[in-house]
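> Here is a sequence with its predicted model. Questions after.
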Amino acid sequence: MPRASTKRRFTAGAALVVAALMTTTACGGGDTEDDSKGAGYNAGINKVANPSKKKGGTLRFIAKQPIDSADPQRAYYGMTWDFMRFYTRTLVTYDTKPGEASNNLVPDLAKEKAEISEDGKTYTYKLRDGLTWEDGSKLTSKDIKYGIERIWATEVITGGPAYLKNVLDPKGEYEGPYKDKSKDKLGLKAIETPDDQTIVFKLPKPNSDFENMLAMPSGSPVKQEKDTKAKYANMPFSSGPYKFESYRPGKSLTLVRNAEWNESSDPVRPALPDKVTVTFSTNKEENDKKLMEGKYDIDMNGTGMTQSGRISAMQDHKDNVDNMETDFIRYVALVTKTKPFDKLECRKAVFYGTDFAALQKTRGGKLAAGEIAVSPLPKSIPGSDPSYDPYGVLERKGKPDVAKAKDALKKCGKPNGFSTKISARSDQPHEKEAATQLQQDLAKVGIKVEVDTIVGSESSSITGSPSVVEKRGYGMIMAGWGPDFPSGQGFGQPLWDSRFIFENGNYNEAQVADPKIDKMFDDAIAAETPEDAAKIYTDLSHRVIDQAVWMPFLQEKNITWRGSRVTNVYTSAAYSGRYDYISLGVK
């Protein structure tokens, strides 16, 4: 869609939108340094805003929350995965198309998608010609194998997804490349590299989501001679069109063109900007102001603007705004190993005592924050059942049921309530406010909650460590989660499968250890058809709610800024509704 040439009128409909966003904050606004107009309201939703193939210029990101890690095997933030396609490549990746079409896998390092054996256990890939590292050396199948092997080095490489490890080596027999006694440090038997252009994966059991697992950054190659172990996150070695020029964690990051990247070997990445910069700043209101002034182009986090930013943007710069519907669920994990949450009725008391409508309001209301969620699976995942509501949350329009909460407390042996602690990330928009609201709600039924804030980039070693959770006394953990890939396995297995509980980088924060749930995952993964799998995931999601171990409260939406000079902007379902960063350019 071409850029609008005249200022769009502030219509009565837009006035209603602003009114819905307002609470007690006055409208902002004013002239910006970039007087050009945006492509139009929602112009980047499931279609391309400002299409262009023009190369050059600097793409400028601002981020209120730092990336969790620049190391592809250690990253687990969705925005980090999105950004990593600038400097990492995988055998297959997600298509650079708007909306749902982005969920389709396309060849990247590989010439074609996998040749899969009849029994579904063997995946064979042939690599493209002309693949290189940033020093000009040839990228080979052994580099891909070595990169994947790093996932096993859990004493050093922490925080990233564990799917490939669990699927390729379910018994945990391999110890990782740093303990590998073979000469070439390539001792993982499940991956074979018969020559530099061929890589073969041998799965003990079939898994129809396996190629989706390879598309995650954890499937990226790492050149063994450049692996600095834990320090690799400080300056990763590039296989993509950009390389690191500088990186100050929590401060700034700059990528420049990788002169050794061969465009002919990469049909996915248009590599339009000459340079990509990221500024990390926790001043969320100031960040929004600078976006609207044209000093930055895109919010890298993709989690939406602040309340004051939303109001100003919707009133004065609506042509630069997209109201994204994401695949993220905002939730509270109830830690089943922390007393008294080892008792079902004590967990149910939280469900009944929570004011879901108030939590929605703290994050911006229905328009800016999304619908109240009762299903643990986002609507985009086959098997999601948004109508299953055993606690009557939707029936009472999100309001608490104090009587049922107090009755549940009696049943769990805590008639006078109890005390607990909840963690919330201080650099995640509105998470602390939502936790404070929950604190106020539960106090009305006798549950006293202490809010403990942490920095999001430290979550994998704090809320992601069961021993630290126990030491700190967390009974509840507030967070958000989007699909790793579009299936029940890709959303829920790290959250609710007991085999995904780890001492570091644990995302089963509730520490769910339910053999029935584990078996449901196995049955769904082994199902003959996607429809059969979806039915199992529906039953699995019902059990998660029935056990009251994981409390969803919001199916997230965002009011997000899109700079006027940015080209090729579109939302990508593959990255939970964020913009697809690898396609962006600048005028």
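In hand now; what should we look at? Numbering: from 1, shown residues only.
> What ranges in the stretch 401-550 of the chain fall below the confidence cut-off?
Low-confidence segments of the stretch 401-550 of the chain (pLDDT under 70): none present.
> quick one, strands of it?
418-425, 447-454, 476-481, 550-561 (DSSP state E, counting those that start in this stretch).
> Any idea which of the ones you listed gets closest to Thr277?
Taking C-beta to C-beta, strand 550-561 is the member of these nearest to Thr277, at 16.5 Å. For glycine as for every other residue, the C-beta is placed from the backbone atoms N, C-alpha and C.
> other SSEs contacting that closest one?
Counting by 3 or more C-beta pairs under 8 Å, 6 or more residues apart in numbering; DSSP states H and E, the packing neighbours recorded for strand 550-561 are helix 284-292, strand 298-299, helix 307-316, strand 321-334, helix 356-362, helix 365-369, strand 370-371.
> Paired strands for the helix or strand just after it, with orientation please.
Going down the chain from strand 550-561, the next helix or strand is strand 566-567, by DSSP states H and E. If you go by DSSP bridges, strand 566-567 pairs up with strand 585-586 (antiparallel).
> could you check the angle strand 550-561 makes with the biggest helix by length in the chain?
Identified as the longest helix of the chain according to DSSP state H is helix 530-546. Here helix 530-546 runs at an angle of 110 degrees relative to strand 550-561 (axes from the mean of the first three to the mean of the last three C-alpha atoms, to 10 degrees).
> How far does helix 530-546 sit from its chain's centre?
Relative to the chain's own centre, helix 530-546 is displaced by 22 Å; criterion: C-alpha atoms, centre = their mean, to the nearest Å.
> returning to what we had before: any idea which of the strands of the stretch 401-550 of the chain gets closest to Gly78?
Once the strands of the stretch 401-550 of the chain are compared by C-beta to C-beta, strand 476-481 is nearest, at 9.2 Å.
> So what's the gap between that closest one and the chain middle?
With C-alpha atoms, centre = their mean, you get 13 Å for strand 476-481.
> Then stretch 251-271?
Mean-position distance between stretch 251-271 and its chain equals 23 Å (C-alpha atoms, centre = their mean).
> If you count neighbours, what's buried in it?
Buried residues in stretch 251-271, counted by 16 or more other C-beta atoms under 10 Å: 253-258, 261, 265-266, 268-271.
> Return the subset of these lying in strands.
Members of the buried residues of stretch 251-271 lying in strands (criterion: DSSP state E): Leu253, Thr254, Leu255, Val256, Arg257.
> okay if I get the helices and strands packed on strand 550-561 as TSV plus distance to Gln511 and mean pLDDT?
Output for the helices and strands packed on strand 550-561, formatted as TSV (distance: least, C-beta to C-beta, whole Å; pLDDT from 0 to 100):
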stretch	distance to Gln511	mean pLDDT
helix 284-292	31	96
strand 298-299	33	98
helix 307-316	34	94
strand 321-334	9	96
helix 356-362	23	96
helix 365-369	28	91
strand 370-371	27	96
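> what about the strands in the stretch 101-250 of the chain?
Along the stretch 101-250 of the chain, the segments classed as strands by DSSP E, counting those that start in this stretch run 105-107, 115-116, 122-126, 191-195, 198-202, 242-248.
> helix, strand or coil for Thr336?
When classified by DSSP: H, G, I helix; E, B strand; the rest coil, Thr336 comes out as coil.
> residue contacts, it?
Asp342, Arg347, Ala510, Gln511, Val512, Ala513, Val549 (C-beta atoms under 8 Å, 6 or more residues apart in numbering).
> 7 Å instead, please
Asp342, Ala510, Gln511, Val512, Val549 (C-beta atoms under 7 Å, 6 or more residues apart in numbering).
> Need the strands of the stretch 101-250 of the chain in TSV (columns: mean pLDDT).
Compiled in TSV, those are given as follows (pLDDT from 0 to 100):
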stretch	mean pLDDT
strand 105-107	98
strand 115-116	98
strand 122-126	98
strand 191-195	98
strand 198-202	98
strand 242-248	98
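> Looking at those strands, spot the one closest to Lys138.
Closest to Lys138 of the strands of the stretch 101-250 of the chain, according to C-beta to C-beta: strand 191-195, at 12.2 Å.
> residues of the closest one that come out buried?
Ile191, Glu192, Thr193.
> Considering the residues you listed, which is situated nearest to Gln439?
Closest to Gln439, out of all of the buried residues of strand 191-195 and judged by C-beta to C-beta, is Ile191, at 48.1 Å.
> Any idea which residue is closest to the centre of this protein?
Closest residue to the average C-alpha location of the chain: Gly78 at 2.9 Å, with C-alpha atoms, centre = their mean.
> What are the neighbouring residues in contact with that one?
Contacts of Gly78 (C-beta under 7 Å, 6+ apart): Gly482, Tyr575, Ser576, Arg578.
> returning to what we had before: what is the most widely separated pair among the ones in strands among the buried residues of stretch 251-271?
Within these, Leu253 and Arg257 form the most distant pair, 15.2 Å apart (C-beta to C-beta).
> re the thing from before, what would the strands of the stretch 101-250 of the chain look like in a markdown table with distance to Gly563?
Shown next, in a markdown table, are the strands of the stretch 101-250 of the chain (distance: least, C-beta to C-beta, whole Å):
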| stretch | distance to Gly563 |
| --- | --- |
| strand 105-107 | 27 |
| strand 115-116 | 42 |
| strand 122-126 | 38 |
| strand 191-195 | 42 |
| strand 198-202 | 40 |
| strand 242-248 | 19 |
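> nearest to Gln73, of the ones you listed?
Of the strands of the stretch 101-250 of the chain, nearest to Gln73 by C-beta to C-beta is strand 191-195, at 14.4 Å.
> relative orientation of that closest one and strand 198-202 in degrees?
Going by the same axes, to 10 degrees, strand 191-195 makes 150 degrees with strand 198-202.
> Provide the contact partners of strand 191-195 at residue level.
Contact with strand 191-195 is made by Ser141, Lys142, Lys145, Ile148, Ile199, Val200, Phe201, Lys202, as judged by C-beta under 7 Å, 6+ apart.
> Narrow those residues to just the buried residues.
Ser141, Lys142, Lys145, Ile148, Ile199, Val200, Phe201.
> can you give me the helices for the stretch 401-550 of the chain?
402-411, 431-443, 466-472, 488-496, 515-525, 530-546 (DSSP state H, counting those that start in this stretch).
> Tell me which residues of the first one come out buried.
Judged by neighbour count (16+ other C-beta under 10 Å), helix 402-411 contains these buried residues: Lys404, Ala405, Lys406, Asp407, Ala408, Leu409.
> Give me the distance from it to the chain's centre.
Its chain's C-alpha centre and that of helix 402-411 lie 35 Å apart, by C-alpha atoms, centre = their mean.
> hey, C-alpha coordinates of it in PDB?
The C-alpha coordinates for helix 402-411 follow below in PDB (Å, rounded to 0.1, in the frame of the first residue of the first chain):
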ATOM      1  CA  VAL A 402     -15.300 -14.000  46.300                       C
ATOM      2  CA  ALA A 403     -17.600 -16.600  47.800                       C
ATOM      3  CA  LYS A 404     -16.200 -19.500  45.700                       C
ATOM      4  CA  ALA A 405     -12.700 -18.300  46.400                       C
ATOM      5  CA  LYS A 406     -13.300 -18.400  50.200                       C
ATOM      6  CA  ASP A 407     -15.000 -21.800  49.900                       C
ATOM      7  CA  ALA A 408     -11.900 -23.100  48.000                       C
ATOM      8  CA  LEU A 409      -9.700 -21.800  50.800                       C
ATOM      9  CA  LYS A 410     -11.700 -23.700  53.400                       C
ATOM     10  CA  LYS A 411     -11.500 -26.900  51.300                       C
END
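> quick one: that helix to strand 447-454, angle?
Between helix 402-411 and strand 447-454, the angle comes out at 90 degrees (the same axes, to 10 degrees).
> Report the spatially nearest residue to Lys165, omitting neighbours in sequence.
Spatial nearest neighbour of Lys165, excluding adjacent residues (C-beta to C-beta, 6 or more residues apart in numbering): Ile151 at 4.9 Å.
> and which of the buried residues of stretch 251-271 is nearest Thr436?
Closest approach to Thr436 among the buried residues of stretch 251-271 (C-beta to C-beta): Leu253, at 31.6 Å.
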